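>>> My questions are about this predicted structure, shown below with the sequence.
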Amino acid sequence: MEDIKRTAVVTGAGRGIGRAIAVKFASKGYNVVINYAGNDEAANETLKLCKETGCDGEYVLAKGDISDEEVVEKLVSDALDKFKRVDVLVNNAGITRDGLVMKMSTEDFDKVISTNLRGAFLMSRAVTRPMMKQRYGRIISISSVVGVHGNAGQVNYSASKAGLIGMSKSLAKELAARNITANVIAPGMIETDMTEVMSDKAKDAVRASIPAGHAGGADDIANAVAFLAAEESGYITGQVLGVDGGMGM
Ligand code: NAP
């Protein structure tokens, strides 16, 4: 079979887990679209790290809020103009606005659902048609252990992450016959800016619940994404893969 140059679109790839995923794809020779919200400096660092892999992919920055329909449509059509195909979508962009339910504002609920779930819906919808035409696609969404088990103080976040699981299973059923898979990764505690803001006490409490005894790194998630994105993983769809040191058992 003719060798196809693959293209991956990674949302929230400016920092943390998304950056590790973007660099992983670059190291495998993919073209990579690096989406991020506003931190230009961080996104440029991701771009630099992709280039430093020395592979022959092309890398583009795509700044924009993925909860905005127009932004998403443009992002995907620009990617198609440039690379002619989108093989992999990683719905990674995510935010938290934690608080106990009694005190959680409607705004904080909506904001988290909008970024984490609506954004993933808009992105998935936008890539579906080109993936169907190609008869090839891999959609991977980054949920969380709390999307499966819930967590006090994260009603909005856990609802968004549970929503990703239901959405991915439905996508998997709709798209399987076209050789498009949809899977979910549910990370446990991963050391990034997102977890950096937790108090030491909260971090210690979470660590105590991890059988492996320590937090994970962004590369642990990137490795799992690469596995699910591989051509050889085409018979795996609608699954939720915990990458959490055993935390979710
Ligand atoms: P992070 O370090 O806070 O990075 C988040 C990334 O998302 C940044 O690049 C940010 O862009 C981007 N982003 C935020 N809102 C966006 C929007 N509306 N449109 C486009 N991009 C947006 O987070 P992380 O820890 O790497 O987390 C990545 C994913 O893993 C999230 O979905 C998170 O919920 C999930 N997760 C993380 C953990 C963990 O322990 N860290 C555990 C479970 C699940 P800027 O850089 O421009 O701000």
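Thanks, I have it. Residues are numbered from 1 along each chain as shown.
>>> any chance you could map the helices in this structure?
Counting by DSSP state H, residue ranges of the helices within the chain are 16-27, 40-52, 69-83, 106-113, 119-134, 145-149, 155-175, 193-196, 200-208, 218-229.
>>> So what touches the second one?
Taking contacts as C-beta atoms under 8 Å, 6 or more residues apart in numbering, the residues outside helix 40-52 that touch it are 13-15, 18-19, 22-23, 26, 32, 34, 36, 57, 59, 61, 63. In this view, the C-beta of every residue, glycine as well, is placed from N, C-alpha and C.
>>> just the helices of the chain: most buried one?
Each of these was assessed for mean neighbour count using mean count of other C-beta atoms under 10 Å. The highest is helix 16-27, with a mean of 27.
>>> quick one: that helix to chain centroid distance?
The chain centroid and the centroid of helix 16-27 are separated by 10 Å under C-alpha atoms, centre = their mean, to the nearest Å.
>>> Can you report how many residues lie near residue 247?
22 (other C-beta atoms under 10 Å).
>>> and it, what is it in contact with?
145, 188-189, 206, 209-211.
>>> other SSEs contacting the longest strand along the chain?
The residue-count maximum for a strand in the chain (DSSP state E) belongs to strand 180-187. Other helices and strands packing on strand 180-187, by 3 or more C-beta pairs under 8 Å, 6 or more residues apart in numbering; DSSP states H and E, are helix 119-134, strand 137-142, helix 145-149, helix 155-175, helix 218-229, strand 240-243.
>>> Mind putting those into TSV with distance to residue 182 and mean pLDDT?
Shown next, in TSV, are the helices and strands packed on strand 180-187 (distance: least, C-beta to C-beta, whole Å; pLDDT from 0 to 100):
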stretch	distance to residue 182	mean pLDDT
helix 119-134	8	98
strand 137-142	4	99
helix 145-149	15	98
helix 155-175	4	99
helix 218-229	10	98
strand 240-243	11	98
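>>> With distance to the ligand as extra columns, can I get those in JSON lines?
Output for the helices and strands packed on strand 180-187, formatted as JSON lines (distance: least, C-beta to the nearest ligand atom, whole Å):
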{"stretch": "helix 119-134", "distance to the ligand": "6"}
{"stretch": "strand 137-142", "distance to the ligand": "4"}
{"stretch": "helix 145-149", "distance to the ligand": "7"}
{"stretch": "helix 155-175", "distance to the ligand": "7"}
{"stretch": "helix 218-229", "distance to the ligand": "6"}
{"stretch": "strand 240-243", "distance to the ligand": "9"}
